[in-house]
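> with the input below, show me the fold.
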Amino acid sequence: RADRMSDAVRKRRVYLNPKQMEFVQHDASIGLFLGGRGVGKSTIAAAKQRRRIKELPRALTFLSSTTYGQILTKTVPALTEMWERMGIYENVHFVIGKKPPEGWKLPYSSPKSFKHVISFRWGNAMSMLSMDRPDLGRGGSFQGGDLDEAALVPEEHFKRVILPSLRGSRTRFRNSPLYRQTNLYSSVPWKSKGRWILDYKEKALKDPKTYHFTETTSLDNLAVLGQDYIDLMRKELSPMEFAREIMNEVFNKAELQFYHEFDEDKHPQSATYDYNDTEEGIEVAGVAEYWPNQLIELSFDFGGWFTGLLAFQSDMIDGNPWEYMIDAMGVKEGKNLITILIDNFCYVYRDHGNKLVLIWGEPRGHDKQVVDNSHYETIQDAFAKNGWRSVVKIRAVRTGLHVPRHDFMNRCFSERDWGYPRLRCIQEKTQDAITSIMLTEIKPDGKKNKDNEKDRDYPQQWATHYSDMLDYYLFYKYSPLVGGLMTASGGGYEDTDVV
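Numbers count the residues shown, from 1 in each chain. Take a look at the predicted model:
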């Protein structure tokens with residue numbers, strides 16, 4: 001074990017699989033490492049910086065991602081863990097967010113403030129940048145950098161903001177192939193706007209001196225993950241999930257979409273974070289799209305294989321209601337699924353300031369069950385035991401009206417009609433619901449194709465359950481107000497006793 005008090009770094013053997021080694025050693029100007037779960041992206045990024053320390057002494061590079069919260073909570077902890085395995089220790093060989101100790105070398109282009117910088121004692125430094133804190137990188141001059149979660153970064157931001165910042169100190173570093181090298185790390189893109197990163201595969205084939213592309217799967221990291229991990233994932237995941245998460249196959253939306261106006265680049269959005277600037281640096285204060293003292297409304301769907309809820313908070317902007325889908329939770333086969341689901345929700349939101357929820361969802365939830373309680377009565381009992389109050393808003397109406405629901409939901413997504421709600425889905429916590437919406441197909445008669453709910457091999461969190469919850473919430477809450485679509489069913493909501 002390395003001496004933590006030593007200034008030098010003892011040689012440590014760190015395993016890199018062939019794909020990782022290929023990427024660490026590439027000398028192209030732009031490199032993209034594309035891989036899914038467990039492929040070791042943080043291992044490579046840490047090794048790349050270790051190489052810069054040796055080959056680009058006293059260089060200033062950047063570490064960038066979509067949000068500063070992503071960098072602080074996910075990227076940096078993974079990097080520091082890998083550096084420690086390499087014998088490079090925090091507060092011995094590098095410091096985060098503070099001025100380097102006396103006697104440490106500084107970059108040739110030293111930053112004016114170190115609050116957002118990782119500094120190494122050999123003079124190298126990494127400025128932490130993000131799209132949601134553009135002020136941190138304004139006017140920056142870097143000799144290289146790393147972009148995490150590249151598929152979530154718009155192509156325009158990469159080409160107009162990140163790449164132009166690669167300048168300065170050319171006379172000192174021009175002989176090193178790492179000078180101005182930018183490395184992108186990503187899993188396969190979900191959104192069409194993120195698919196720009198896949199263009200680098202063709203670019204690398206045509207111009208390998210300028211571009212490098214490494215594509216990998218969990219199988220390439222078998223020596224670290226173990227065959228038992230792959231076998232378990234193959235058993236636990238559906239074929240679709242296994243292809244997406246393990247084999248890194250590109251995800252495609254349904255060809256005949258029920259929600260044809262749903263825009264995968266507009267309606268899902270990454271969370272934006274609120275920050276506190278302190279003497280020690282930036283702290284994540286919370287998510288801007290979640291209001292800790294504002295009412296939460298829930299929508300439910302019930303089934304033998306899957307029971308779930310969607311959580312929403314609302315706002316009014318320019319005369320139009322805006323709905324923010326802030327969470328998606330589900331539980332699979334077993335007993336007492338509803339109670340488990342409510343207990344999970346109450347635990348996650350235990351610090352929420354307004355412990356009253358409005359309940360929407362499948363109208364058949366009012367039907368009496370074997371135990372002589374309806375699903376909604378069970379929900380209200382579970383909330384009461386957790387110290388929450390609840391009001392059931394959904395009425396016991398028929399759940400048909402497929403064509404009006406189809407028309408209404410797509411008018412909402414189009415955002416062309418005044419008075420119809422606008423929806424935004426916070427991607428970090430609602431990705432399964434977004435996938436459900438994108439994969440929901442339409443039948444020739446205009447009805448929703450719900451066959452995947454009956455398929456045991458289909459991942460039920462991607463079946464039509466979540467899309468149904470969204471329908472129940474928006475349609476029954478708003479259609480009486482904007483279109484008169486509920487006259488055939490007698491209205492869609494009512495107040496019941498608070499429990």
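> I'd say residue 467 and residue 438 touch.
No - in terms of CB atoms under 8 Å, residue 467 does not count as a neighbour of residue 438; the distance is 9.1 Å. Where you see a C-beta, it was placed from the backbone N, CA and C, and this is true even at glycine.
> buried ones in stretch 205-212, by neighbour count?
For stretch 205-212, a neighbour-count test (16 or more other CB atoms under 10 Å) marks 211, 212 as buried.
> what's that stretch in contact with?
Taking contacts as CB atoms under 8 Å, 6 or more residues apart in numbering, the residues outside stretch 205-212 that touch it are 23, 26, 28, 29, 30, 31, 32, 200, 203, 204, 213.
> between the residues you listed, which sits nearest residue 79?
Of all those, residue 79 sits closest to residue 23, with 15.4 Å by CB to CB.
> what's the neighbour count on residue 374?
Residues within reach of residue 374, counting by other CB atoms under 10 Å, total 17.
> the residue lying closest to it once chain neighbours are set aside: neighbour count?
Taking CB to CB, 6 or more residues apart in numbering as the measure, residue 374 lies nearest to residue 366, with 5.1 Å between them; neighbours along the chain are not counted. Counted with other CB under 10 Å, the burial measure for residue 366 works out to 17 neighbours.
> what of residue 297?
That count, for residue 297 with other CB under 10 Å as the rule, works out to 18.
> if I look at it, how far off is residue 477?
Residue 297 sits at a distance of 8 Å from residue 477 (criterion: CB to CB, to the nearest Å).
> what's the answer for residue 87, then?
Between residue 87 and residue 477 the distance, using CB to CB, works out to 58 Å.
> right, and residue 447 touches residue 402 too?
Yes - counting by CB under 8 Å, residue 447 sits close enough to residue 402 to count as a contact (4.3 Å).
> surely residue 296 is in contact with residue 311?
Yes - taking contact to mean CB under 8 Å, the distance of 5.5 Å between residue 296 and residue 311 places them in contact.
> now do the helices in the stretch 151-300 of the chain.
Along the stretch 151-300 of the chain, counting by DSSP state H, counting those that start in this stretch, helices occupy 155-157, 170-173, 199-206, 222-225, 227-236, 239-241.
> okay, those helices in JSON lines with distance to residue 248 next?
As requested, these are exported to JSON lines (distance: least, CB to CB, whole Å):
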{"stretch": "helix 155-157", "distance to residue 248": "20"}
{"stretch": "helix 170-173", "distance to residue 248": "34"}
{"stretch": "helix 199-206", "distance to residue 248": "12"}
{"stretch": "helix 222-225", "distance to residue 248": "14"}
{"stretch": "helix 227-236", "distance to residue 248": "13"}
{"stretch": "helix 239-241", "distance to residue 248": "12"}
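> so for residue 95, which of these sits nearest?
helix 170-173 (23.4 Å).
> what sits up against the closest one?
Contacts to helix 170-173, defined as CB under 8 Å, 6+ apart, come from residues 56, 59, 108, 143, 179.
> in it, which residues are buried?
Within helix 170-173, the residues that qualify as buried by neighbour count (16+ other CB under 10 Å) are 172, 173.
> which pair in the contacts of stretch 205-212 spans the largest distance?
By the measure CB to CB, 23 and 203 form the most distant pair in the contacts of stretch 205-212, at 15.6 Å.
> when the two are compared, which one has more neighbours?
Summary of the neighbour comparison: residue 23 and residue 203, criterion other CB under 10 Å, with residue 23 having more neighbours (26 against 16).
> the more buried one and residue 14, how far apart?
With the distance defined as CB to CB, residue 23 ends up 14 Å from residue 14.
> surely residue 397 is in contact with residue 362?
No - in this structure, residue 397 sits apart from residue 362 without contact. The criterion is CB under 8 Å, and the distance is 10.6 Å.
> between residue 296 and residue 311, which contacts overlap?
Common neighbours of residue 296 and residue 311, using CB under 8 Å, 6+ apart, are residue 326.
> for the stretch 251-400 of the chain, give me the ranges with low pLDDT.
Within the stretch 251-400 of the chain, the segments meeting pLDDT under 70 span 251-255, 277-286, 304, 369-371, 398-400.
> if we can go back for a sec, from the contacts of helix 170-173, pick the one nearest residue 186.
Sorting the contacts of helix 170-173 by how near they are to residue 186, with CB to CB, puts residue 143 at the top with 22.4 Å.
> give me phi/psi at the closest one?
phi -100, psi 10 (degrees, to the nearest 10).
> now do the contacts for it.
When the contact criterion is CB under 8 Å, 6+ apart, the partners of residue 143 are 56, 59, 60, 61, 109, 166, 168, 169, 173, 179, 180.
> which of those fall within strands?
Secondary structure from DSSP state E places 60, 61 of these in strands.
> and the least confident of the contacts of residue 143?
For the contacts of residue 143, the least confident position by pLDDT is residue 168, scoring 68.
> next one: the longest helix seen in the chain to chain centre, how far?
Identified as the longest helix of the chain according to DSSP state H is helix 465-482. When C-alpha coordinates are averaged (CA atoms, centre = their mean, to the nearest Å), helix 465-482 and its chain have centres 25 Å apart.
> count of neighbours near residue 131?
Residue 131 is surrounded by 20 other residues when neighbours are defined as other CB under 10 Å.
> against residue 74, how distant is the residue lying closest to it once chain neighbours are set aside?
Setting aside the residues directly before and after it, residue 131 is nearest to residue 66 in space (CB to CB, 6+ apart), at 5.5 Å. Using CB to CB, we find residue 66 at a distance of 11 Å from residue 74.
> just the strands in the stretch 351-499 of the chain please.
Chain-ordered strands for the stretch 351-499 of the chain, with DSSP state E, counting those that start in this stretch as the definition, fall at 356-361, 389-392, 422-426, 441-442, 448-449.
> buried residues, the longest helix of the chain. List them.
By neighbour count, and taking 16+ other CB under 10 Å as the criterion, the buried residues in helix 465-482 are 465-480, 482.
> ditto for stretch 112-124
Across stretch 112-124, burial judged by 16+ other CB under 10 Å covers 114, 115, 116, 117, 118, 119, 120, 121, 122, 123, 124.
> any idea which of the residues you listed is closest to residue 334?
Within the set of the buried residues of stretch 112-124, residue 118 lies nearest residue 334; the separation is 44.6 Å, counting by CB to CB.
> that closest one bridge partners, please.
Residues found in beta-bridge contact with residue 118 (criterion: DSSP bridges) are residue 96, residue 126.
> and residue 434, how many neighbours does it have?
Taking other CB under 10 Å as the criterion, the count of residues near residue 434 is 23.
> wait, what's in contact with the nearest residue to it once chain neighbours are set aside?
For residue 434, ignoring the flanking residues on the chain, the nearest one in space by CB to CB, 6+ apart is residue 268 at 4.9 Å. Contacts for residue 268 (CB under 8 Å, 6+ apart) come out as 190, 191, 424, 425, 427, 430, 431, 434.
> wait, isn't the fifth one in contact with residue 272?
What that stands for is residue 427. No - contact criterion CB under 8 Å: residue 427 and residue 272 do not qualify, at 11.2 Å.
> of the two, who's got more company?
Neighbours were tallied for residue 427 and for residue 272 using other CB under 10 Å; the higher tally belongs to residue 427 (19 against 14).
> list the beta-bridge partners for the residue nearest to that one when sequence neighbours are not counted.
Excluding the flanking residues, the one nearest residue 427 by CB to CB, 6+ apart is residue 268, at 4.6 Å. According to DSSP bridges, the residues that bridge with residue 268 are residue 425.
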